[in-house]
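Student: fold the following and give me the result.
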Amino acid sequence: MLRRELLLAWACAGAGCSYRKPGPRRKLTLVASKQLSMSGLYLTQELGFFRDAGLDVEIVPSTNALQSMAALSGGKIDIVFTGMQVSFLNLVLKGVPVRIMAGREIAAPACGTAGVIYGLRRTFPKGLADLRQLKGKRVVTGPSIGFSQFVLDVHLAKVGLSVEDISPLVLSSSQSLAALIGGSVDAVVLNNDMDRDLSELGSDLVRSKRLADVHPEFQYSYIYCGPTLLKGDVDIGARFLAAYLRGAREFAGGRSPKFMVEFAGA
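Tutor: Numbering: from 1, shown residues only. The predicted model follows:
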């Protein structure tokens, strides 16, 4: 049943049509971060494709991936757009009904700064092209085990190092950059703000290669669903994906959401 519904969703999305059963619109709560990579999602909302599919989708800004995954598993929200989380793997192992609906973002060589390590020029006067300089340094990763730690492992392995060769520190995303600029840490693996190159904001910051440069096309972001969709009518999830893919196709074809203008002005 699930396979048939999802195949129909893909077929409808490819044809540019909506897939809707008659009746009142189903309310869905979705959590996603406000990043440029979410433009396809916001365009889908703006163009009314979710509404056409019989869905009333509320997009709630993400503040914490761990909290979002907990809310998803508890049925408080329906869908989450985020990167790979160890908390998700733990939930699956415990038998909690949370699953990946679809893959979303990859480390594409042509865009984004996912997986960049930033440092201060006074600490790394020659830049961070050679990450062997991180040996013995204080390096900050995100507040939870996940994408940032994976990125750090990949970068270090490329130069023959491991986390045992550095002093890893755990700080929230908002604290990380402040700690770097203040000089209390030496380098930061940012797990947000992947849409811009922060080293272009001033000459004090230097950066490493991106994840795309050392592990191109790596899938690092997904669409997750929880018990409200898994234990209900799978048609709802199929319609959601069909509408989202329709919007993503419009975005890939050159249409831009108002969200991009708002993001640029922020």
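Student: okay, and for the stretch 101-250 of the chain, where does confidence drop off?
Tutor: For the stretch 101-250 of the chain, the stretches flagged by pLDDT under 70 are 143-144, 192-197, 199-202.
Student: okay, domains of this protein per the record?
Tutor: Per automatic domain parsing, the structural domains of the chain span 2-107+218-265, 117-214.
Student: okay if I get those as TSV plus mean neighbour count?
Tutor: (Glycine included, C-beta is placed from N, CA and C.) Converted to TSV, the domains of the chain look like this (neighbours: other Cβ atoms under 10 Å):
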stretch	mean neighbour count
domain 2-107+218-265	18
domain 117-214	17
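Student: show me where this structure has its strands.
Tutor: 26-32, 55-61, 79-83, 99-106, 117-120, 138-141, 167-170, 187-189, 205-207, 219-225 (DSSP state E).
Student: and those as TSV, adding distance to residue 236?
Tutor: Shown next, in TSV, are those (distance: least, Cβ to Cβ, whole Å):
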stretch	distance to residue 236
strand 26-32	6
strand 55-61	7
strand 79-83	10
strand 99-106	11
strand 117-120	40
strand 138-141	36
strand 167-170	37
strand 187-189	37
strand 205-207	42
strand 219-225	9
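Student: what's the closest of the ones you listed to residue 232?
Tutor: strand 26-32 (9.1 Å; Cβ to Cβ).
Student: hang on, the earlier thing: show me the one of the strands of the chain that comes nearest residue 242.
Tutor: strand 55-61 (10.1 Å).
Student: each with direction, which strands does the closest one pair with?
Tutor: Using DSSP bridges, strand 55-61 pairs in its sheet with strand 26-32 (parallel).
Student: give me every residue that touches residue 147.
Tutor: Contact partners of residue 147, counting by Cβ atoms under 8 Å, 6 or more residues apart in numbering, are 83, 84, 115, 191, 220.
Student: for residue 100, state which of those residues is nearest.
Tutor: For the contacts of residue 147, the residue nearest residue 100 by Cβ to Cβ is residue 84; the value is 9.1 Å.
Student: how much space between that closest one and residue 149?
Tutor: Distance of residue 84 to residue 149, computed by Cβ to Cβ, to the nearest Å: 11 Å.
Student: put the alpha carbons of stretch 47-55 into PDB.
Tutor: Provided in PDB are the C-alpha atoms of stretch 47-55 (Å, rounded to 0.1, in the frame of the first residue of the first chain):
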ATOM      1  CA  LEU A  47       2.300  28.900  -4.400                       C
ATOM      2  CA  GLY A  48      -0.500  27.000  -2.600                       C
ATOM      3  CA  PHE A  49       0.600  23.600  -3.600                       C
ATOM      4  CA  PHE A  50       0.100  22.200  -0.100                       C
ATOM      5  CA  ARG A  51      -3.400  23.700  -0.100                       C
ATOM      6  CA  ASP A  52      -4.100  22.200  -3.600                       C
ATOM      7  CA  ALA A  53      -3.100  18.800  -2.100                       C
ATOM      8  CA  GLY A  54      -5.700  19.200   0.600                       C
ATOM      9  CA  LEU A  55      -3.200  20.100   3.300                       C
END
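Student: show the average pLDDT along that stretch.
Tutor: Summarised as a single mean, pLDDT over stretch 47-55 is 97.
Student: next one: residue 100 from residue 230, what distance?
Tutor: For residue 100, the distance to residue 230 equals 11 Å [Cβ to Cβ].
Student: repeat that for residue 114.
Tutor: If you go by Cβ to Cβ, the gap between residue 114 and residue 230 works out to 29 Å.
Student: ok, residue 256 next?
Tutor: Relative to residue 230, and taking Cβ to Cβ, residue 256 is found at 33 Å.
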